[in-house]
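Q: here's a sequence, model it:
(one chain, ligands or ions: 3)
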Amino acid sequence: MRTAYSVETVRTAERALMARLPEGALMQRAAAGLAVACAELLGRVYGSRIVLLVGSGDNGGDALYAGARLARRGAGVAAVLLAPERTHAGGLAAFRRAGGRTVDPADGEETVLRADLVVDGIVGIGGTGGLRPDAERLAGFAAEARVPVVAVDLPSGVEADTGEVRGAAVRADLTVTFGTHKPALLIDPAREYAGSVRLVDIGLGDVLPEEPGLEALQHVDVAALLPVPGAESDKYRRGVVGIAAGSARYPGAAVLAVAGALRGGAGAVRYVGPAADAVIARFPEVLVSDQGPKHAGRVQAWVVGPGAGDDASVVGEVVSADVPVLIDADGLRLADRDAVRARTAPTLMTPHAGEAAALLGVAREEVEGARLASARELAARYGATVLLKGSTTLIADAAGGAVRVNSTGTGWLATAGSGDVLSGLAGSLLAAGLSALDAGSVAAYLHGLAGRLASDGAPVGAHDVAEAVVRAWRDVRDQ
Ligand SMILES: NC(=O)C1=CN([C@@H]2O[C@H](COP(=O)(O)OP(=O)(O)OC[C@H]3O[C@@H](n4cnc5c(N)ncnc54)[C@H](OP(=O)(O)O)[C@@H]3O)[C@@H](O)[C@H]2O)[C@@H](O)CC1
Ligand SMILES: Nc1ncnc2c1ncn2[C@@H]1O[C@H](COP(=O)(O)OP(=O)(O)O)[C@@H](O)[C@H]1O
Ligand SMILES: [K+]
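A: Ligands and ions are numbered 1, 2, ... in the order given. Model (predicted):
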């Protein structure tokens with residue numbers, strides 16, 4: 001499991017750890033890891049030109065100590081000091097002792113343009129808001145120079161706790177982060193600014209609380225959650241998932257949701273709705289009914305909404321069922337909030353940013369810019385687990401606790417109908433007995449991976465993604 005902690009938690013843990021260690025020890029660990037990462041990126045340290053962008057806090061201190069290490073290995077290291085009189089004193093002294101030179105910000109452009117590597121030590125977890133104008137100017141030179149940029153702890157200018165980017169921020173190729181990931185390194189849009197991320201162990205693990213703010217499942221975690229039939233299993237014990245989806249206008253949504261459901265581990269898939277002919281023609285193994293959900297026979301979970309059109313009665317019937325329910329697409333619009341809140345069995349809602357925005361009464365951009373807060377808010381309002389789709393998918397429980405984040409996907413998944421596959425897949429996992437949080441996060445993980453496998457860098461259709469779920473499943477199982 002990859003985890004991220006909030007700034008407040010990191011600071012508390014750092015204080016606890018620092019109390020046990022000699023002064024400056026943590027910063028030295030951080031700087032040592034940072035220097036190693038820079039050296040690896042450069043390939044050859046001796047004779048290389050490195051420019052440090054140094055802010056007035058400890059983030060700049062890390063950069064200076066790492067710069068000192070690199071200077072001792074023969075690099076030519078220059079530091080552009082944004083606030084010379086408030087620069088980390090110990091770091092600056094060490095940097096100068098090692099032969100590093102300081103540069104006035106006025107000469108920053110020329111220095112940065114000639115660099116082989118730029119180290120962004122402007123601001124880390126102490127930053128708020130986008131970069132200030134003087135810092136933005138320097139970051140602009142680095143972008144212009146097209147040299148590799150290594151961010152210290154975080155790309156400067158992003159909001160550490162939320163992944164929001166409210167103004168200018170550094171775009172890094174690599175971010176070397178200390179002790180633990182910060183939420184911004186896992187959530188878009190900030191995640192995109194971080195480039196690849198390397199975690200340096202500074203000993204924080206022992207003092208961080210058990211529950212993180214954010215967690216990202218890895219192959220091994222997903223493998224442990226996959227439902228596997230035992231010797232005594234039969235199709236009913238494995239779970240039956242009901243799909244109430246599709247309409248005369250959108251029969252394809254039903255087919256795609258069923259396609260996802262067939263690959264999610266349930267023992268049987270029931271379909272109810274007006275697209276039964278299309279479903280059965282494509283998947284003869286599905287039990288179809290043209291009666292409403294109440295008359296469809298027993299299921300262990302329902303999926304309602306994909307391509308459903310305007311039939312609120314079906315959504316109402318499903319929402320009143322006493323089994324786990326996944327609500328997607330049109331179902332989100334049609335579901336009565338009080339009825340959802342009144343449910344006692346788990347509810348998983350799967351909006352994309354536009355649907356979440358409509359439910360929250362805000363603009364789509366607002367949700368896209370503040371994904372974590374939006375997912376949490378929606379979960380609280382509906383008393384449900386919310387899976388917010390997008391380039392990074394977030395899954396938040398109403399009760400709070402760690403929010404799951406998934407980034408296995410690819411932009412190629414932004415194709416019509418791929419969300420329908422996801423809802424069927426997640427519904428099937430719900431029927432197989434996973435909690436809403438686990439079903440949502442395992443489904444997002446497999447769906448994202450399936451998208452990558454199916455696409456391999458080329459366009460895919462949603463049905464390709466559904467078919468590739470089996471390969472994703474095996475890939476996870478065989479890790
Ligand atoms: N604690 C530890 O044990 C360890 C901590 N470590 C390191 O310390 C970092 C945290 O250091 P920190 O607390 O000094 O804050 P930091 O991120 O340098 O920022 C504060 C400065 O930024 C400025 N500033 C703010 N916003 C800004 C903006 N938008 N644009 C521009 N500037 C802005 C602000 O200026 P001011 O408001 O004071 O004028 C202030 O001077 C952490 O990320 C990690 O790298 C590691 O060594 C491991 C051990
Ligand atoms: N840029 C992206 N990177 C990764 N995954 C994405 C991206 N854009 C969309 N997706 C994923 O593709 C799926 C699209 O679902 P959705 O928006 O509901 O589409 P549709 O309604 O057409 O089925 C979601 O699983 C979403 O997380
Ligand atoms: K930084």
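
Q: count the neighbours of R343 for me.
A: A count of nearby residues for R343, using other CB atoms under 10 Å, gives 18. Using the backbone N, CA and C atoms, a C-beta is placed for each residue, glycine as well.

Q: ok, it - contacts?
A: Taking CB atoms under 8 Å, 6 or more residues apart in numbering as the criterion, R343 is in contact with 319, 325, 383-384.

Q: gap between it and ligand 2?
A: As judged by CB to the nearest ligand atom, to the nearest Å, R343 and ligand 2 stand 22 Å apart.

Q: show me the contacts of R343 that map onto strands.
A: Of the contacts of R343, the ones assigned to strands by DSSP state E are V325.

Q: could you find the closest non-adjacent residue to L34?
A: The spatial neighbour of L34 that comes closest, neighbours along the chain excluded (CB to CB, 6 or more residues apart in numbering), is A66 at 4.0 Å.

Q: state the pLDDT value of the one you found.
A: Among the per-residue scores, A66 shows a pLDDT of 98.

Q: one more: A231?
A: Among the per-residue scores, A231 shows a pLDDT of 89.

Q: how many neighbours does it have?
A: In terms of burial, A231 registers 4 neighbours under the definition other CB under 10 Å.

Q: can you classify it by secondary structure?
A: Using DSSP: H, G, I helix; E, B strand; the rest coil, the structure places A231 in coil.

Q: how near is it to R237?
A: Using CB to CB, to the nearest Å, one gets 11 Å for the distance from A231 to R237.

Q: average pLDDT for the longest helix along the chain?
A: Residue-count comparison of every helix in the chain, with assignments taken from DSSP state H, identifies helix 436-455 as the longest. Averaging pLDDT along helix 436-455 yields 98.

Q: so which residues on the stretch 351-479 of the chain come close to ligand 2?
A: Proximity of the stretch 351-479 of the chain to ligand 2 is assessed by CB under 6 Å from any ligand atom, with 352, 389-391, 393, 409-411, 413-414, 416-420, 422, 447 identified as the residues in range.

Q: change it to 5 Å
A: Proximity of the stretch 351-479 of the chain to ligand 2 (CB under 5 Å from any ligand atom) is limited to residues 352, 389, 391, 393, 409, 411, 413-414, 416-420, 422.

Q: report the buried members of those residues.
A: The neighbour-count test (16 or more other CB atoms under 10 Å) marks 352, 389, 391, 393, 409, 413, 417-420, 422 as buried among those.

Q: what segments of the stretch 1-150 of the chain are strands?
A: Listed in chain order, the strands found in the stretch 1-150 of the chain under DSSP state E, counting those that start in this stretch are 2-4, 49-54, 76-81, 101-103, 117-121, 149-152.

Q: between these, which one is closest to ligand 2.
A: Of all those, strand 2-4 sits nearest to ligand 2, with 17.3 Å by CB to the nearest ligand atom.

Q: tell me which strands and helices that closest one is in contact with?
A: Where contact means 3 or more CB pairs under 8 Å, 6 or more residues apart in numbering; DSSP states H and E, strand 2-4 is packed against strand 214-216.

Q: what ranges do the helices span in the stretch 201-350 of the chain?
A: Along the stretch 201-350 of the chain, the segments classed as helices by DSSP state H, counting those that start in this stretch run 219-225, 251-262, 276-282, 312-319, 330-334, 337-342.

Q: now the helix or strand just after the longest helix of the chain: buried residues?
A: Toward the C-terminus, helix 436-455 is succeeded by helix 462-477 as the next helix or strand (DSSP states H and E). For helix 462-477, the neighbour count (16+ other CB under 10 Å) marks 462-469, 472-473, 475-476 as buried.

Q: tilt between helix 462-477 and helix 436-455?
A: Using axes from the mean of the first three to the mean of the last three CA atoms, to 10 degrees, the inter-axis angle of helix 462-477 relative to helix 436-455 is 110 degrees.

Q: check which helices and strands helix 462-477 sits against.
A: Secondary elements touching helix 462-477 (3+ CB pairs under 8 Å, 6+ apart): helix 219-225, helix 251-262, helix 418-431, helix 436-455.

Q: as JSON lines, those with distance to ligand 1 would be great.
A: Supplementary listing: the helices and strands packed on helix 462-477 in JSON lines, determined by distance: least, CB to the nearest ligand atom, whole Å:
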{"stretch": "helix 219-225", "distance to ligand 1": "27"}
{"stretch": "helix 251-262", "distance to ligand 1": "41"}
{"stretch": "helix 418-431", "distance to ligand 1": "35"}
{"stretch": "helix 436-455", "distance to ligand 1": "28"}
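
Q: alpha carbons only: can I get stretch 456-468 in PDB?
A: Once side chains and other backbone atoms are set aside, the C-alpha atoms of stretch 456-468 remain, and they are given as PDB (Å, rounded to 0.1, in the frame of the first residue of the first chain):
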ATOM      1  CA  ASP A 456      -0.800  -0.200 -25.200                       C
ATOM      2  CA  GLY A 457      -0.600   3.400 -26.400                       C
ATOM      3  CA  ALA A 458      -3.300   3.200 -29.100                       C
ATOM      4  CA  PRO A 459      -7.100   4.100 -29.000                       C
ATOM      5  CA  VAL A 460      -9.400   1.500 -27.500                       C
ATOM      6  CA  GLY A 461     -13.200   1.100 -27.300                       C
ATOM      7  CA  ALA A 462     -14.900   0.400 -24.000                       C
ATOM      8  CA  HIS A 463     -15.600  -3.200 -25.000                       C
ATOM      9  CA  ASP A 464     -11.800  -3.700 -25.400                       C
ATOM     10  CA  VAL A 465     -11.300  -2.500 -21.800                       C
ATOM     11  CA  ALA A 466     -14.000  -5.000 -20.600                       C
ATOM     12  CA  GLU A 467     -12.200  -7.900 -22.400                       C
ATOM     13  CA  ALA A 468      -8.800  -6.900 -21.000                       C
END
